[in-house]
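Trainee: Make a model of this:
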Amino acid sequence: MLQRCSRHVARISGVNTAKEAGMRIMLTGAGGFLGSRLFSYYKDKYEVWAPSHKELDFTREENARKAVGDFQPDVLLHCGAISDVGACERDPELSMRVNVEGTRYLARACLMTGTRMVMCSSDQVYFRKMGEKESTEEYLRPHREDEPCSPIPVYGRHKLLAEEACLAEQPDSVILRLTWMYGELTEEERRKGRRNLADMLGEILREGKKQGFSKTDYRGVTDVWEVVRNMEAAWKLPAGIYNFGSPACGSIYEIVRNTMEEFGAEGLVEALEGSNSLRNLCMTPEKTSHAGIHFLSVREGLEHYLKE
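Mentor: Have a look, this model is predicted:
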C-alpha cells in the first residue's frame with residue numbers, strides 16, 4: 001500500500017524522485033490560501049502529499065489513521081480547517097467535527113507513526129471581552145502564548161480546543177497561532193470574492209479612492225510568503241505553542257494610515273465609524289524570535305509588498 005501511495009504523491013504533486021534527504025511532508029488544506037502556497041513552495045524540495053478533501057475526510061478517525069499510516073510522513077502540516085468565522089457560528093457542529101475532532105484524529109495518527117505535527121491555529125484564540133476592571137491599556141497589550149485564553153467566537157473556541165487536543169494526542173507537535181495574512185491573489189481566489197488587506201491598499205494606490213478602516217480592531221497582518229518560508233524552521237521548533245507572524249500593536253486604521261504615509265496617500269485613509277467595542281488580536285512573537293524565526297513588522301511587510 002505504501003508504494004501505491006508514493007506513486008499517487010508523484011502524480012498529484014509533480015515531484016521528482018530526487019528529494020532532500022528523502023523527507024516526506026503530508027499537507028492538509030492545500031486548496032486554501034496558505035496551504036496552496038506551502039504546496040507550491042515545497043513540492044519540488046520534499047516529497048509532498050497533499051490530499052484533497054475528497055481523497056481524505058479526516059473527520060473520520062479510520063481515514064486519518066490509514067492516510068498517515070500508509071504515507072508515513074516525517075511532518076504533517078495541518079492547514080485543513082473551516083476558517084470562515086461566520087460559517088463556524090452558523091454550524092458549530094460542523095466546526096467541531098472539522099476543526100477539533102479532525103485535528104484530534106490526525107494527531108493521534110501522528111503519534112502512532114512518530115510524525116511531527118504542525119497545526120495551524122489562529123490569533124482568534126485571543127479574541128476575548130475586556131474585563132470590567134481592566135484598563136484599555138491593559139486590554140491592548142500584545143498577547144503571549146502562556147496567557148489564559150477565553151475566546152468569544154466559535155472559531156476561536158474550537159481552535160483553542162484543537163490546540164489542546166493536538167498536544168494531548170501527539171505531544172511532539174508545534175502549534176502556530178497565525179495572524180491575518182495577505183498576498184497576491186489568484187484569479188480563482190478573486191472569483192470567489194477573496195480579499196485581503198494588501199489587496200485593499202493596492203486599490204487605494206491604483207484608483208485613488210478613499211477607504212475606511214477600523215479604529216477599534218487591533219491585530220497583526222503578515223505576508224503569507226513569510227509564513228511559507230519560515231515553515232521549514234517552524235517544524236524543527238521544540239514542541240509547543242508559538243505566535244507566528246509579524247509583530248504589531250495598533251489598530252487596522254493606524255497600520256494602514258502609517259503605511260500609506262510612505263506613498264503620500266494617507267489622506268485616502270479614513271476611520272470607520274462603527275462599534276465602540278475593542279477587539280485585540282495583536283500578538284508578541286518574542287518566543288518565536290528567540291527561537292531564531294523572524295518576521296518583518298506589519299508596516300515593513302506591507303511597504304515591501306506594495307513596492308514590489
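Trainee: tell me which residues in stretch 272-287 are buried?
Mentor: Using 16 or more other CB atoms under 10 Å as the test for burial, stretch 272-287 gives 278-285, 287. The C-beta positions use only the backbone N, C-alpha and C, and glycine is treated the same way.
Trainee: cool, stretch 22-29 as well?
Mentor: By neighbour count with 16+ other CB under 10 Å, stretch 22-29 contains the buried residues 24-29.
Trainee: These in helices, which ones?
Mentor: Judged by DSSP state H, helices contain none of those.
Trainee: Which of the residues you listed sits closest to residue 72?
Mentor: Residue 72 lies nearest to residue 24 out of these, by CB to CB, at 6.6 Å.
Trainee: Helix, strand or coil: sort out the residue nearest to residue 288 when sequence neighbours are not counted for me.
Mentor: In space, and not counting its chain neighbours, residue 288 is closest to residue 242: 4.9 Å by CB to CB, 6 or more residues apart in numbering. Under DSSP: H, G, I helix; E, B strand; the rest coil, residue 242 falls in the strand class.
Trainee: which residues of this structure fall in helices?
Mentor: Under DSSP H, the chain gives helices at 2-13, 33-42, 61-71, 85-90, 92-95, 102-113, 136-139, 154-169, 187-191, 197-207, 224-234, 252-261, 286-290, 298-307.
Trainee: Where does the prediction get shaky in the stretch 151-300 of the chain?
Mentor: 274-276 (pLDDT under 70).
Trainee: before we move on, the earlier item: now the buried residues of stretch 272-287 in CSV, with distance to residue 38?
Mentor: Below are these laid out as CSV (distance: CB to CB, whole Å):
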residue, distance to residue 38
278, 33
279, 28
280, 28
281, 22
282, 25
283, 21
284, 24
285, 19
287, 22
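Trainee: follow-up on the earlier one: neighbours around the residue nearest to residue 288, how many?
Mentor: Residue 242: 22 surrounding residues under other CB atoms under 10 Å.
Trainee: which residues touch the closest residue in space to residue 37 that isn't next to it in sequence?
Mentor: Among residues not flanking residue 37 along the chain, residue 228 sits closest, at 5.1 Å (CB to CB, 6+ apart). Taking CB atoms under 8 Å, 6 or more residues apart in numbering as the criterion, residue 228 is in contact with 34, 37-38, 41.
Trainee: go with 7 Å
Mentor: Neighbouring residues of residue 228 by CB atoms under 7 Å, 6 or more residues apart in numbering: 37-38, 41.
Trainee: next one: residue 201
Mentor: Applying CB under 7 Å, 6+ apart, the residues contacting residue 201 are 256, 259, 302, 306.
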